[in-house]
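Engineer: Here is my input; please provide its structure:
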Amino acid sequence: MHYFRPLYPFLLGLILILSTQTFFDIAVINGLLQLVLFILVVCIPIWRTGRMSYVDIGWPWGLVLLGLVAVAYGEGYWLRVFIVSAVVILIGLRMGVGAVNMWRMGLLQKEFPRYQYQRIVWQQEGKENTALALQVDAISQGLANASFLAFPVFIIASNSRSEFVALELAGFILWLLAFSMESIADMQKVRFLRAMKAAGKQRQVCNVGLWKYCRHPNYFAEWMVWNGLVIAAIPSWLALRGAESEFVWLLLGLGLLLASKFMYNTLVYITGAVPSEYYSVQKRPGYKDYQQQTNRFFPGPRKYQ
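Structural biologist: Next up, the predicted model:
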């Protein structure tokens, strides 16, 4: 049963959102669409190829699907529904378009390092059935789109009040700043890699721009993108009080916080910083010095010895 452990929290989140009167219909529609998307785009390709990298297509396009469901079925104030839908669609498109381009270029013909790292973790956990572990991890990411990542989107899209409060606006501003930071970090890394390739230098450590202040500014910004959504959802969650039982309402608030926690764990330990650095240390001679001088996740001043 330890193979299925990654599914448990997301299944509980899905059960919670399906137990509400407010979100049952929209959660069923989103859940079924996420299921179809992941079966066709992720699970079947993984079964045929044995490569997890197809998740990088399914997960972001699942976010686009989540945004479309919210704009089609959200019953809140139209402008609020439009904003939160546009926000999550942009999150998905930023990664999804790039993933499709990688597929067209044939880059999915080999497993990404972060998913190679998962096999090492599975071996340590005693998971010898790799095919099953691949499917479970793929399904867990689809369930994330159907549960905790849907929480802030659906909660915001349910708020019928036409006034925007300061905390809500602060959340959307934080999202915009973080989304911009993530895009800038990615562009800085692409420019760096192109410059190193033109100079004939290989295995160099990207430590320019935002990469001076933490080793994974793109992952940190992605986490803050979702924190912005969680913050923006708090006033709408407060407005839900009375529409659901006190217990369910409190659990929805806990679900908002868990959306941030699960995203942090993913970006640091599962498919983010730790897997990336496992291989960077081996491939890039200067990476150990970079680790000693630069924070891993949270931006801060460089450390000089």
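Engineer: who's in contact with Ala273?
Structural biologist: 215-216, 219, 267, 296-297 (Cβ atoms under 8 Å, 6 or more residues apart in numbering). In short, each C-beta sits where N, CA and C put it, glycine included.
Engineer: any idea how far it lies from Ser85?
Structural biologist: Computed as Cβ to Cβ, to the nearest Å, the Ala273 to Ser85 distance reads 30 Å.
Engineer: cool, and Thr22?
Structural biologist: Taking Cβ to Cβ, one finds Thr22 at 17 Å from Ser85.
Engineer: Among these two, which residue is more densely surrounded?
Structural biologist: Ser85 (22 against 18; other Cβ atoms under 10 Å).
Engineer: Just the pLDDT for the more buried one.
Structural biologist: At Ser85, the model reports a pLDDT of 97.
Engineer: Which residue is the nearest non-sequential neighbour of it?
Structural biologist: Spatial nearest neighbour of Ser85, chain neighbours left out: Val71 (3.7 Å); criterion: Cβ to Cβ, 6 or more residues apart in numbering.
Engineer: So for the strand or helix carrying that neighbour, mean pLDDT?
Structural biologist: Per DSSP states H and E, Val71 falls inside helix 55-73. Averaging pLDDT along helix 55-73 gives 96.
Engineer: What are the boundaries of the strands in the chain?
Structural biologist: Counting by DSSP state E, the chain yields no residue ranges for strands.
Engineer: Return, as residue ranges, the portions of it with sub-threshold pLDDT.
Structural biologist: 1, 304-305 (pLDDT under 70).
Engineer: before we move on, the earlier item: quick one: the residue nearest to Ser85 from Ala157, how far?
Structural biologist: 8 Å.
Engineer: residues shared between the contacts of the two?
Structural biologist: In contact with both Val71 and Ala157: 81, 85, using Cβ under 8 Å, 6+ apart.
Engineer: Just to be sure, which of the contacts of Ala273 are found in helices?
Structural biologist: Members of the contacts of Ala273 lying in helices (criterion: DSSP state H): Tyr219.
Engineer: and the nearest residue to Lys288 once chain neighbours are set aside, how many neighbours?
Structural biologist: Distance criterion Cβ to Cβ, 6+ apart; nearest residue to Lys288, sequence neighbours excluded, is Val281 at 6.2 Å. Close neighbours of Val281, defined as other Cβ under 10 Å, add up to 13.
Engineer: Can you give me every residue that contacts Val281?
Structural biologist: Contacts were defined as Cβ under 8 Å, 6+ apart; by that measure Val281 touches 287-288, 291.
Engineer: Just the buried ones from those residues?
Structural biologist: Tyr287 (16 or more other Cβ atoms under 10 Å).
Engineer: Quick one: the helices in the stretch 51-200 of the chain, in order.
Structural biologist: With DSSP state H, counting those that start in this stretch as the criterion, the stretch 51-200 of the chain has helices at 55-73, 78-104, 113-124, 130-146, 150-157, 166-198.
Engineer: Now do the shortest one: distance to the chain's middle.
Structural biologist: With Cα atoms, centre = their mean, to the nearest Å as the basis, the distance from the averaged C-alpha position of helix 150-157 to the chain average is 15 Å.
Engineer: what do you get for the first one?
Structural biologist: Its chain's C-alpha centre lies 12 Å from the corresponding centre of helix 55-73 when counted by Cα atoms, centre = their mean.
Engineer: Which other helices and strands does it contact?
Structural biologist: helix 24-38, helix 78-104, helix 130-146, helix 150-157 (3 or more Cβ pairs under 8 Å, 6 or more residues apart in numbering; DSSP states H and E).
Engineer: Give me the distance between Leu167 and Ile231.
Structural biologist: In terms of Cβ to Cβ, Leu167 sits 6 Å off from Ile231.
Engineer: give the contact list for the residue lying closest to Asp137 once chain neighbours are set aside.
Structural biologist: Among residues not flanking Asp137 along the chain, Pro6 sits closest, at 6.2 Å (Cβ to Cβ, 6+ apart). The neighbours of Pro6, taking Cβ under 8 Å, 6+ apart as the test, are 136-137, 140.
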